[in-house]
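1. Quick one, structure for this:
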Amino acid sequence: MPGAFHRVMVYLGLVDDDYDDYETYEDQPAPPNRAAARAYGAGAGPNDTGDAIVPTGGVRTLPRDPEPTGNVSIQPRPAVVRPIVPSQTTKVHVVVPAGFNDAQEIGDRLKASQPVIVNLQNCDRELSRRMMDFCSGAAYVLGAHAEMAANQVLLITPSNVEVSADEKRRLQERGLYRS
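-> Numbering: from 1, shown residues only. As a prediction, the model looks like this:
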């Protein structure tokens, strides 16, 4: 048996290991009985009943087709995705903001899936900029569509709402929508 210094040199790769000092694989003692062979994970061999010995590693296979027990009936789950049907007869709400507090009214109408026209023609420049920023953010968050309907007039439509041609014509007559 080599000494500790020799083992360190072998570990570092400075000398070759002498394999003559080790026991061969065939010289290892066999397990005393078949139960011990299973515990050691021995390969398949016949047991007392003639069946193959299967190594036990804590894993068992499940049957492919589990059979239902009792009167269990399997029903398919209902569809989770439902189509959104656009509403055709929605009235457009018109807001002429006098201050930034009117932004809440715009947000409430959009959350209720109602299209909103924001008329910024008579607002000062600072309020107009802030309302445009708010409307753009609200449209983005709610998945709505914002477009300029006329000069300084913004039309915001929720994703599930379409403005009808009659409603667009009515807004055109009031000067709030251009084709």
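
2. Pass me the low-pLDDT residue ranges in the protein, would you?
-> 1-2, 18-58, 60, 62-73, 79, 82-89, 179 (pLDDT under 70).

3. For this structure, just list every one of the helices.
-> For the chain, the helices defined by DSSP state H occupy 4-12, 34-40, 103-111, 125-142, 165-173.

4. between these, which one is nearest to residue 91?
-> helix 165-173 (7.0 Å; CB to CB). C-beta coordinates here come from the backbone N, C-alpha and C atoms, glycine included.

5. Could you list the residues in contact with the closest one?
-> 90-92, 117, 149, 177-179 (CB atoms under 8 Å, 6 or more residues apart in numbering).

6. buried stuff in that helix?
-> 167-168, 171 (16 or more other CB atoms under 10 Å).

7. and what of stretch 138-145?
-> So, applying 16+ other CB under 10 Å, buried residues of stretch 138-145: 138-139, 144.

8. quick one on the thing from earlier: which one of the buried residues of helix 165-173 is nearest to residue 103?
-> The closest of the buried residues of helix 165-173, once distances to residue 103 are taken by CB to CB, is residue 171, at 21.1 Å.

9. so can I have CSV of the contacts of helix 165-173 showing neighbour count and distance to residue 59?
-> Listed next are those as CSV, based on neighbours: other CB atoms under 10 Å; distance: CB to CB, whole Å:
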residue, neighbour count, distance to residue 59
90, 18, 60
91, 11, 66
92, 22, 65
117, 22, 67
149, 22, 67
177, 19, 70
178, 12, 72
179, 6, 71
